[in-house]
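> Whatever this is, show me its structure:
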Amino acid sequence: QVQLVESGGGLVQAGGSLRLSCAASGSFFSINAMGWYRQAPGKQREQVAVITSSDYTKYADAVKGRFTISRENAKNTVYLQMNSLIPEDTAVYYCTLGSLSTWPYADDYWGQGTQVTVSS
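Below you'll find the predicted structure:
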């Protein structure tokens with residue numbers, strides 16, 4: 001069984017920064033993709049960013065230039081550095097992990113989510 005545990009969410013003012021972390025444990029392919037999704041109240045869940053185990057990345061247009069996804073394979077951990085946050089970034093953020101066959105969705109497994117709230 002795979003577990004994904006997110007941390008780092010919270011309340012921040014517009015223009016501020018937050019760094020989310022997600023640690024994966026259990027049994028999974030070492031060659032994989034990990035990603036971040038978000039869901040705001042009343043909106044559909046959307047993918048924010050995704051990264052392969054060889055550091056190939058993809059971003060949603062809404063966060064390009066502001067968010068950076070990275071990972072430490074030795075720690076099975078993925079990060080999302082979020083800068084220049086705006087109120088529209090307010091959402092529950094979910095970490096995901098998937099085999100490369102799920103690229104670019106990386107959605108075989110999901111974390112429980114962490115709340116990010118950006119005040120204006």
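> residue closest to the middle of the chain?
By C-alpha atoms, centre = their mean, the chain has its centre lying nearest to residue 36, at 2.3 Å.
> Spit out the contact partners of that residue.
Going by C-beta atoms under 8 Å, 6 or more residues apart in numbering, residue 36 touches 20, 22, 47-50, 69, 78, 80, 93-96. Heads up, the C-betas are built off the backbone N, CA and C, glycines and all.
> What segments of this protein are strands?
With DSSP state E as the criterion, the chain has strands at 3-7, 10-13, 18-25, 32-39, 46-52, 57-59, 67-72, 77-82, 91-99, 109-110, 114-119.
> Adding neighbour count and pLDDT, write the contacts of residue 36 out as CSV.
Converted to CSV, those look like this (neighbours: other C-beta atoms under 10 Å; pLDDT from 0 to 100):
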residue, neighbour count, pLDDT
20, 24, 98
22, 25, 98
47, 18, 98
48, 22, 98
49, 25, 98
50, 25, 98
69, 22, 98
78, 28, 98
80, 26, 98
93, 23, 98
94, 23, 98
95, 28, 98
96, 23, 98
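> Not counting its neighbours along the chain, what's nearest residue 75?
Distance criterion C-beta to C-beta, 6 or more residues apart in numbering; nearest residue to residue 75, sequence neighbours excluded, is residue 23 at 7.0 Å.
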